[in-house]
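Participant: Just a sequence and a predicted model for now, questions to come.
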Amino acid sequence: MNTQKTILVTGGCGFIGSNFVTMLIEEHPEFKVINLDSLTYAGNLENLEDIMDEPQYEFIRGDICDENLVSKILSENKVDGIINFAAESHVDRSISGPKVFVDTNITGTLVLLQQAVANKTKRFLQVSTDEVYGSLGDDGEFTEESPIKPNSPYSVSKASADYFVQAYQHTYGLETIITRCSNNYGRYQFPEKLIPLMFNNARTNKKLPVYGDGKNVRDWIHVYDHCRAILLAYSMGESGNIYNVGADCEKTNLEIINLILTYLGKPESLIEFVKDRLGHDQRYAIDSSKIRNTLGWKPTVDFDSGIIKTLSWYYNNKDWVDNVTSGEYKNYYSEMYENR
Ligand code: NAD
Ligand code: TYD
């Protein structure tokens, strides 16, 4: 008897999705994975080179907003569940162009939910973010009961999607789980985000554009620990629940940048304070005691070793960085940072 379960992963060619798919294929033969990804600027087939030929894995290029395609995939493959990573994920891009965030993050999630119900797909896990809770002052942490107060177009689109997920659980009885994780670091992150962008700039002796005073705080978690939390919540989580995921590792942006400079042996004079991000959230911090206490999850990668491993990965994979920073990235960079 074939007991293998089939999961439809969306956005599996992006940063977290590709780490998740690789973890599933390498460590969990009980799953077959179908990866639906439209390959936007953030999607990269190279991220999956290690596992792309495995029989457990199938890639389909397509858009989560395409309801015929999603329906066909679900009905033809006896899909047991969906894990939705697909998203526009960058706050700065959401400020300069919010429309695509509505299309993918809200409409795309709705299409997946509708087709999950129509095709009797059992489970749906939405990969969400702590940014739906808004911003903190000096004290406190986000719990699952914190008010939803998103500030950026990105976080508003993610919060809207979360509400649709909850509505589909409540209204149609779809088994749903929402995970809300803090900032991830690790291999394969697109160099529009803080760590790979600063690393790439410092390595090539370019200025490091620090928004505002650099004292904004993010709560960092290694991507592998996030992936483990998602799989655990998908497999063991109780339907209708939200789980915060975080590793209790708050750092200011300047602390992160100084670590990168030290690693590369580059001078602090590369730092350049630039105009702040509009509506810049001051601080995120996650209370993840619920997933720790109810599902037994805990982080396994400590920051000091995880960050060195990550920086070494970027150092040793210069071709990957060069490939993703050629072409369109150059236009993005000059539009975002020149004359800032
Ligand atoms: P990413 O931008 O690196 O990857 C997104 C992927 O989705 C890409 O492969 C892209 O091609 C694909 N995609 C985009 N639009 C699509 C569409 N319409 N149809 C199909 N595929 C599409 O993002 P990431 O950093 O890996 O984030 C993944 C998820 O995790 C997102 O939902 C994000 O909101 C959430 N999240 C990210 C972080 C973080 O620190 N990066 C933290 C918490 C939550
Ligand atoms: P980012 O990686 O975009 O993640 P998020 O905004 O979703 O937390 O940014 C992390 C922090 O780094 C945030 O406070 C903004 C800051 N930042 C800079 O100072 N300069 C930059 O060029 C970027 C991309 C981010």
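Facilitator: That came through, no problem. Ligands and ions are numbered 1, 2, ... in the order given.
Participant: Hmm, residue 300 is touching residue 226, no?
Facilitator: No - Residue 300 is beyond contact range of residue 226, at 11.3 Å (criterion: C-beta atoms under 8 Å). The way it works is simple: take the backbone N, C-alpha and C, and place the C-beta from them, glycine included.
Participant: Quick check: neighbours shared by the two?
Facilitator: Shared contacts of residue 300 and residue 226 (C-beta atoms under 8 Å, 6 or more residues apart in numbering): none.
Participant: more crowded one of the two?
Facilitator: Neighbour count, other C-beta atoms under 10 Å: between residue 300 and residue 226, residue 226 has more, with 25 against 11.
Participant: Quickly find the element holding the more buried one.
Facilitator: helix 223-236 (DSSP states H and E).
Participant: can you list contacts of the very next helix or strand once past that helix?
Facilitator: Using DSSP H and E, the helix or strand that directly follows helix 223-236 along the chain is strand 241-245. Residues outside strand 241-245 that contact it (C-beta under 8 Å, 6+ apart) are 130, 142-144, 162, 177-182, 221, 225-226, 229-230, 233, 237, 286-288, 290-291, 295, 297.
Participant: How about whichever strand or helix holds residue 262 and ligand 2, touching?
Facilitator: Residue 262 belongs to helix 253-264 when assigned by DSSP H and E. Yes - judged by C-beta under 6 Å from any ligand atom, helix 253-264 and ligand 2 are in contact via residue 253.
Participant: where does the stretch 1-150 of the chain have low pLDDT?
Facilitator: Applying pLDDT under 70 to the stretch 1-150 of the chain flags residues 1-2.
Participant: show me what contacts the residue in it positioned nearest to ligand 1?
Facilitator: When scored by C-beta to the nearest ligand atom, the stretch 1-150 of the chain has residue 14 as its residue closest to ligand 1, at 2.0 Å. Counting by C-beta under 8 Å, 6+ apart, residue 14 touches 37, 42, 43, 44, 47, 85, 86, 87, 89, 190.
Participant: about what we covered before: filter the contacts of strand 241-245 down to the buried ones.
Facilitator: The neighbour count (16 or more other C-beta atoms under 10 Å) marks 130, 142, 144, 162, 177-182, 221, 225-226, 229-230, 233, 237, 286-288, 290-291, 295, 297 as buried among the contacts of strand 241-245.
Participant: quick one on the thing from earlier: can you pick the most crowded of the contacts of residue 14?
Facilitator: Neighbour max across those (other C-beta under 10 Å) = residue 86, 29 neighbours.
Participant: got the phi/psi numbers for it?
Facilitator: phi -60, psi 130 (degrees, to the nearest 10).
Participant: Skipping adjacent residues, who's closest to it in space?
Facilitator: In this structure, residue 86 finds its nearest non-sequential neighbour in residue 11, 3.2 Å apart by C-beta to C-beta, 6 or more residues apart in numbering.
Participant: My read is that the one you found contacts residue 44, right?
Facilitator: No - counting by C-beta under 8 Å, residue 11 does not reach residue 44; the two are 11.5 Å apart.
Participant: element containing residue 219?
Facilitator: Counting by DSSP H and E, residue 219 is found in strand 217-222.
Participant: ok, what's across the strand from residue 177?
Facilitator: Residue 177 has the following beta-bridge partners by DSSP bridges: residue 125, residue 241.
Participant: Contact residues of the stretch 51-200 of the chain facing ligand 2?
Facilitator: Taking C-beta under 6 Å from any ligand atom, the part of the stretch 51-200 of the chain that reaches ligand 2 is made up of 91, 183, 193, 194, 197.
Participant: my guess is the last one contacts residue 191, does it?
Facilitator: This means residue 197. Yes - when contacts are counted by C-beta under 8 Å, residue 197 is listed as touching residue 191 (4.8 Å).
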